[in-house]
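**Student:** I'll drop the sequence and a predicted model, then ask my questions.
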Amino acid sequence: MRLVIDKQDKYTLICPEEEKIDSLLAPELKSEVVYQNAEGAKNIIMDLSKVNYIDSSGLSAILVANRLCKNNNGTFVLTGLQAPVKKLVEISQLDSILSIVPTLNEAIDFVFMEEVEREFDNE
């Protein structure tokens, strides 16, 4: 699976460079998310702008990422959802569980706002 990983101070960006995330590619995506989390990435942004199709195994990898970030007091954000992917996320009612924003810039802003809120709550 072709992935672009961009590690920043406050977040790690994961961009699958594939049109489909199915049962063949989802395990690699899940492994990468687990690896990044183990390496200290508590805030993960997943940009799916190149993905036109995702199946249940791909959604499972996304849910793993969301759970790992939440368990580490972090934030998981999905961005760049194409219409077919967005529709499946909505049908699966995952839009009520996941943080989804339209653009990468909004995802970055979302992570920074969540970080500020966590810092504020810890005072």
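**Tutor:** Okay, I see it.

**Student:** any idea which element the residue nearest to the spatial centre of the chain lies in?
**Tutor:** Closest to where the C-alpha atoms of the chain average out (C-alpha atoms, centre = their mean) is M46, at 3.4 Å. Assigned by DSSP states H and E, M46 belongs to strand 44-47.

**Student:** quick one: that strand to chain centroid distance?
**Tutor:** With C-alpha atoms, centre = their mean, to the nearest Å as the basis, strand 44-47 stands 4 Å off its chain's centre.

**Student:** mean confidence score for it?
**Tutor:** For strand 44-47, mean pLDDT is 98.

**Student:** quick check: neighbours of that strand in the sheet, parallel or antiparallel?
**Tutor:** If you go by DSSP bridges, strand 44-47 pairs up with strand 12-16 (parallel), strand 76-79 (parallel).

**Student:** can I get that strand in PDB, CA atoms only?
**Tutor:** Extracted in PDB, the C-alpha atoms of strand 44-47 (Å, rounded to 0.1, in the frame of the first residue of the first chain):
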ATOM      1  CA  ILE A  44      -3.700  11.400  13.600                       C
ATOM      2  CA  ILE A  45      -5.200  13.100  10.600                       C
ATOM      3  CA  MET A  46      -6.200  10.700   7.800                       C
ATOM      4  CA  ASP A  47      -6.600  12.300   4.400                       C
END
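
**Student:** and the end-to-end length of stretch 10-28?
**Tutor:** Terminal residues of stretch 10-28 lie 24 Å apart, using C-alpha to C-alpha, to the nearest Å.
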